[in-house]
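K.L.:
Return a 3D structure for these sequence lines:
(one chain, ligands or ions: 1)
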Amino acid sequence: MTPWRAAAASLLLLFAPAVWATEHCGGATAWQVLGSGGPELNGRAQSGHVLWLDGKARALFDAGAGTAVAFGKEGGRIEDLHVIALSHLHSDHSADLPAYLKAGVFGEREAPLPIFGPPAGGGFPSLDDWLAALIGAERSAYPYLGGFLHPDGAPFRIVPTTLSLRRGEITKVFDDGTTRLLATPVRHGPVPALAWQVEAGGHAVVYLGDTDAREPALTGLAKDADLLVANLAIPEDSDDEVANALHAPPSRIARLAAQAGVRRLLLSHLMRRSEQDLPHALRVIAGIYAGPVDVAYDGQCLRLDARLNASDTRHTP
Ligand SMILES: [Zn+2]
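P.N.:
All right, here's what the predicted structure looks like:
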């Protein structure tokens with residue numbers, strides 16, 4: 001620990017009880033919604049979720065606007081993250097990444113932080129190029145954060161990996177012994193995008209991100225998962241061709257959940273159009289998928305242990 005960090009830590013001890021007394025989502029293995037919205041400013045934070053393991057925020061999935069504040073509010077610490085996975089580089093899934101990193105300056109992290117994301121395509125840069133444009137030491141949006149990409153890393157190094165994966169294949173991209181990540185490419189209109197399966201503490205969660213969910217490999221990715229997190233961004237009878245190429249209707253999400261045999265389905269990325277259709281969407285889904293269905297709200301915590309099926313969640317459409 002550097003001297004200034006030691007001094008800061010001793011100061012923090014004066015105020016620690018109020019912080020540490022908070023009951024976090026992460027008493028066991030749990031999935032928490034940091035942001036249940038999409039790109040609209042509809043009262044929901046944008047897209048972001050965190051996997052808790054042994055009381056610590058272990059893996060972050062997407063980093064939309066508002067999620068960094070939620071992460072801190074829920075007791076998340078940058079020091080505890082083993083990995084960050086970005087589904088794609090739309091702003092409602094990535095805009096807060098500099099906020100997470102900058103917050104790390106004031107923490108104690110020294111270990112490198114792996115970040116995974118999509119390749120270039122459809123007018124979008126690769127993860128590596130996006131990070132260089134965002135926080136590169138020169139000609140980026142935030143050159144003062146360039147230390148994170150420096151080989152020596154200051155205050156710590158991020159390790160970006162652009163994933164150019166083969167369609168139809170499920171690839172293990174990360175495994176540190178406690179947290180394993182699988183990924184497969186998905187269709188999100190022209191936007192390069194990835195769906196994820198994370199396994200930790202003996203539980204598996206599949207996070208689809210934004211996708212039309214037509215990719216056959218998704219059934220294998222989600223097979224027997226404890227939780228499938230799907231983005232409900234369009235109504236069942238959407239006639240918006242652009243939106244339909246980007247997102248999956250409720251019936252397709254339900255068929256995936258049923259075919260994969262997932263234990264629970266969480267619907268997130270709520271937008272005005274999908275919220276207005278929610279009662280209909282839930283009826284459609286119930287006709288196809290027999291398992292429990294949750295509608296995400298900001299801060300929602302889903303325990304993945306034996307209490308998963310107890311009523312420790314609320315449905316707040
Ligand atoms: Zn989105």
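K.L.:
wait, isn't Gly136 in contact with Gly146?
P.N.:
Yes: the pair Gly136 / Gly146 is scored as a contact, 5.9 Å apart, by CB atoms under 8 Å. C-beta here means a position set from N, CA and C on the backbone, and glycine is covered the same way.
K.L.:
So for these two, which residue has more residues nearby?
P.N.:
Remark: of Gly136 and Gly146, Gly136 carries more neighbours, 18 against 15, as counted by other CB atoms under 10 Å.
K.L.:
ok, now which ones touch that one?
P.N.:
The contact partners of Gly136, taken as CB atoms under 8 Å, 6 or more residues apart in numbering, are Pro143, Gly146, Leu149.
K.L.:
switch to 10 Å and redo it
P.N.:
Asp129, Tyr142, Pro143, Leu145, Gly146, Phe148, Leu149, His150 (CB atoms under 10 Å, 6 or more residues apart in numbering).
K.L.:
Model confidence for it, exactly?
P.N.:
If you check Gly136, the pLDDT there is 96.
K.L.:
Could you measure from it over to the ion?
P.N.:
25 Å (CB to the ion, to the nearest Å).
K.L.:
same thing with His188?
P.N.:
His188 is 8 Å from the ion, by CB to the ion.
K.L.:
Need the phi and psi values for the residue positioned nearest the centre of the chain.
P.N.:
Centroid-nearest residue in the chain: Phe61, 2.0 Å away (criterion: CA atoms, centre = their mean). For Phe61, the backbone dihedrals (degrees, to the nearest 10) come out as phi -120, psi 110.
K.L.:
residues in the stretch 51-200 of the chain within reach of the ion, list them.
P.N.:
Asp92 (CB under 5 Å from the ion).
K.L.:
What segments of the stretch 51-200 of the chain are helices?
P.N.:
67-73, 91-94, 97-104, 127-135 (DSSP state H, counting those that start in this stretch).
K.L.:
Ok, which of these comes nearest Ala296?
P.N.:
helix 67-73 (12.3 Å; CB to CB).
K.L.:
what mean pLDDT does the closest one have?
P.N.:
On average, helix 67-73 scores 97.
K.L.:
Dump that helix to PDB, keeping only the CA atoms.
P.N.:
Only the C-alpha atoms of helix 67-73 are listed here, as PDB (Å, rounded to 0.1, in the frame of the first residue of the first chain):
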ATOM      1  CA  THR A  67     -24.600   2.000 -13.000                       C
ATOM      2  CA  ALA A  68     -21.400   3.200 -11.500                       C
ATOM      3  CA  VAL A  69     -23.300   5.200  -8.800                       C
ATOM      4  CA  ALA A  70     -25.500   2.100  -8.100                       C
ATOM      5  CA  PHE A  71     -22.400  -0.100  -7.900                       C
ATOM      6  CA  GLY A  72     -21.000   2.100  -5.100                       C
ATOM      7  CA  LYS A  73     -24.300   2.500  -3.400                       C
END
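K.L.:
Ala286: what's it in contact with?
P.N.:
Pro250, Ala254, Val293.
K.L.:
pLDDT score for the second one?
P.N.:
I take that to be Ala254. 98.
K.L.:
go on, the last one?
P.N.:
Predicted confidence (pLDDT) for Val293: 97.
K.L.:
In PDB, list the C-alpha atoms belonging to stretch 296-305.
P.N.:
Extracted C-alpha coordinates of stretch 296-305, given in PDB (Å, rounded to 0.1, in the frame of the first residue of the first chain):
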ATOM      1  CA  ALA A 296     -36.000  -6.100 -13.300                       C
ATOM      2  CA  TYR A 297     -35.800  -2.900 -11.200                       C
ATOM      3  CA  ASP A 298     -32.700  -0.900 -10.200                       C
ATOM      4  CA  GLY A 299     -31.000  -2.500  -7.200                       C
ATOM      5  CA  GLN A 300     -32.900  -5.800  -7.500                       C
ATOM      6  CA  CYS A 301     -31.000  -8.700  -6.000                       C
ATOM      7  CA  LEU A 302     -31.500 -12.300  -7.000                       C
ATOM      8  CA  ARG A 303     -30.000 -14.900  -4.800                       C
ATOM      9  CA  LEU A 304     -28.600 -17.800  -6.700                       C
ATOM     10  CA  ASP A 305     -28.300 -20.200  -3.700                       C
END
